[in-house]
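Q: Quick one: sequence plus predicted model below, questions after.
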Amino acid sequence: MKFSKIPYERPDTAKIISESASIVSAVKNAKSVSDVMEQYKKFKKTFKNIYTMSALVYIRHTVDTRDEFYNKENDFIDETARYLKRRELIFTVK
């Protein structure tokens, strides 16, 4: 697939927050290592999409800083990245 054809979809931060809270809760209540690993896989899947979309926005924004759509998406990613990073840290610390 050509880079220009990779679809961009704005990350749903409310969904990510909800999913990450559910994952953290499941880890706290895990009965085995395999339970924790299952949650870790869910965590990685959830955040992999965020990282992919963030990279896509960054590249497309950098290639043409006049593109208003990607200007706004880049601002959105910048604003939410710090909060989502905290969500990520909650999982990795607990």
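A: That came through, no problem.
Q: Name the residues that touch stretch 80-90?
A: Stretch 80-90 is contacted by residues 11, 13, 16-17, 20, 24, 47, 50, 54 when judged by Cβ atoms under 8 Å, 6 or more residues apart in numbering. C-betas here are computed from N, CA, C, even on glycine.
Q: Buried ones in that stretch, by neighbour count?
A: Within stretch 80-90, the residues that qualify as buried by neighbour count (16 or more other Cβ atoms under 10 Å) are 80, 84, 87-88.
Q: Tell me which stretches of the chain form helices.
A: Assignment of helices within the chain using DSSP state H yields the ranges 13-28, 33-63, 68-93.
Q: Report the rounded mean pLDDT for the shortest one.
A: Spelled out, it's helix 13-28. On average, the pLDDT along helix 13-28 is 89.
Q: Send me that helix as CSV with only the CA atoms.
A: The C-alpha trace of helix 13-28 is given here as CSV (Å, rounded to 0.1, in the frame of the first residue of the first chain):
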residue,chain,number,x,y,z
THR,A,13,-9.8,9.4,23.1
ALA,A,14,-12.9,8.6,25.2
LYS,A,15,-12.8,5.0,24.0
ILE,A,16,-9.1,4.8,24.6
ILE,A,17,-9.5,6.1,28.2
SER,A,18,-12.3,3.7,28.9
GLU,A,19,-10.4,0.7,27.4
SER,A,20,-7.2,1.6,29.3
ALA,A,21,-9.2,1.9,32.6
SER,A,22,-10.7,-1.5,32.0
ILE,A,23,-7.3,-3.0,31.2
VAL,A,24,-5.8,-1.6,34.4
SER,A,25,-8.7,-2.9,36.4
ALA,A,26,-8.3,-6.4,34.9
VAL,A,27,-4.6,-6.4,35.6
LYS,A,28,-5.2,-5.5,39.2
